[in-house]
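**Q** here's my sequence, what's the structure:
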Amino acid sequence: MRLKKKPEAGKLHYSVIWDLKAKDSLKDIYLFFKPKSLQGAQNVKNDILATARSLTNFFPKFSFDPDLGSPYRRIV
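**A** As a prediction, this is how the structure comes out:
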């Protein structure tokens, strides 16, 4: 998952870019929890998605991605 800068009316706006590996990992996490609890699987997935969405609102609170460098950040 990466953040991408998008210029918007004189200010910077960040959007979350999900790569294929991140999408596959989210699906694997969901499928791991689903047999145990459908509601639990949905809650975990929703929490992960909500955290990813929060990156655009609280961008500086996460560390820079060492592989991609600035301006990309990661949740760990």
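**Q** pretty sure Lys34 contacts Lys45?
**A** No. Using Cβ atoms under 8 Å, Lys34 makes no contact with Lys45, being 9.5 Å away. Where C-beta positions appear, they are placed from N, C-alpha and C, glycine not excepted.
**Q** residue ranges with poor pLDDT in this protein?
**A** 1-13, 57-62, 64, 76 (pLDDT under 70).
**Q** in it, which spans are strands?
**A** Applying DSSP state E to the chain gives strands spanning 2-8, 11-17, 63-64, 73-74.
**Q** packing partners of the last one?
**A** With contacts defined as 3 or more Cβ pairs under 8 Å, 6 or more residues apart in numbering; DSSP states H and E, the secondary structure elements packing on strand 73-74 are strand 63-64.
**Q** if we use 10 Å, what do you get?
**A** Identification of packing neighbours for strand 73-74 by 3 or more Cβ pairs under 10 Å, 6 or more residues apart in numbering; DSSP states H and E yields strand 2-8, strand 63-64.
**Q** quick check, central residue of the chain?
**A** Using Cα atoms, centre = their mean, the residue of the chain that lies closest to the mean C-alpha position is Ala52, 3.1 Å off.
**Q** if I look at it, how far off is Lys36?
**A** 23 Å (Cβ to Cβ, to the nearest Å).
**Q** can you get me a residue count around Val44?
**A** By other Cβ atoms under 10 Å, 17 other residues sit near Val44.
**Q** I'd say it and Leu38 touch.
**A** No. Under the criterion of Cβ atoms under 10 Å, Val44 makes no contact with Leu38, lying 11.0 Å away.
**Q** hey, what's in contact with both of these two?
**A** Tyr30 (Cβ atoms under 10 Å, 6 or more residues apart in numbering).
**Q** can you pull out the helices in the protein?
**A** With helices called from DSSP state H, the chain shows them at 20-33, 38-54.
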